[in-house]
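Asks: quick one, fold the following:
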Amino acid sequence: MAESETEVHSRSEQQQSNRLVASAVAGDRDAYRHIYETHVNRVYALCYRLTGDKSLAEDATQEVFIQVWRKLGNYQGQSLFSTWLHSVTANVTISYMRKQKSWMRRLFDTTEQIDNEAGAASCSSEVDLERYIRQLPERARVVFVLHAIEGYRHDDIAVMLNIAQGTSKAQFHRARQLLEAWMGESDV
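Replies: Modelled structure (predicted):
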């Protein structure tokens with residue numbers, strides 16, 4: 001049975017990624033720069049979805065690539081590099097958000113939820129799901145993005161966030177309810 005064109009392309013892409021990673025691990029800064037340039041937009045997009053804030057997403061993206069540089073030798077090549085990078089991105093961003101939360105909570109957390117609810121109520125009737133997702137409370141937003149958008153299972157999310165699986169499900173349910181209320185629909 002012959003390989004499909006997609007399978008050949010995927011295998012070729014993985015081989016190229018593995019060569020770049022090996023070169024970067026050996027100290028080739030150009031190889032690392034190529035890895036960065038290839039993946040920075042996707043990493044930023046995930047960071048932005050998780051943080052809901054452009055500035056935090058930019059900082060988290062930088063932190064991701066610092067950690068990728070440090071942990072690149074841990075990549076075993078058994079899965080696509082992009083899959084490994086996605087996992088690193090989610091974990092680093094969640095960790096980064098935890099570090100930021102202690103001082104941000106003192107400044108913003110008590111008024112943030114009230115502002116989010118007021119902002120959501122005043123949104124135009126045009127559905128802008130990304131904007132609504134950014135307005136979710138942090139824990140609900142993170143669980144919603146990881147489960148509904150990125151495809152993680154609740155047991156995986158529970159491990160990533162150090163919460164019970166039931167808490168992950170409850171936060172996802174909360175996010176859905178808020179989105180449905182804000183959008184005026186029941187098919188989120």
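Asks: which residues does stretch 82-101 contact?
Replies: Contacts with stretch 82-101, where a contact means C-beta atoms under 8 Å, 6 or more residues apart in numbering, come from 17, 39, 42-43, 46-47, 50-51, 56, 59-60, 63-64, 67-68, 71, 75, 109, 138, 142, 146, 150, 152, 160-161. For glycine as for every other residue, the C-beta is placed from the backbone atoms N, C-alpha and C.
Asks: tell me which of those residues fall in strands.
Replies: Among the contacts of stretch 82-101, no member is found in strands (DSSP state E).
Asks: please name the residues that touch residue 31.
Replies: For residue 31, the contact set (C-beta under 8 Å, 6+ apart) comprises 20, 21, 23, 24.
Asks: the second one reaches residue 75, doesn't it?
Replies: Same thing as residue 21. Yes: applying C-beta atoms under 8 Å as the test, residue 21 and residue 75 come out as touching, 5.5 Å apart.
Asks: which ones are touching the residue nearest the centre of the chain?
Replies: For the chain, the residue nearest the mean C-alpha position is residue 46 (3.4 Å; C-alpha atoms, centre = their mean). By C-beta under 8 Å, 6+ apart, residue 46 lies in contact with 86, 89, 90, 93, 145, 150.
Asks: what's the neighbour count on the last one?
Replies: It stands for residue 150. Residue 150: 17 surrounding residues under other C-beta atoms under 10 Å.
Asks: ok, the third one next?
Replies: If you count neighbours by other C-beta under 10 Å, residue 90 ends up with 24.
Asks: what do you get for the fourth one?
Replies: Using other C-beta under 10 Å, residue 93 has 26 neighbouring residues.
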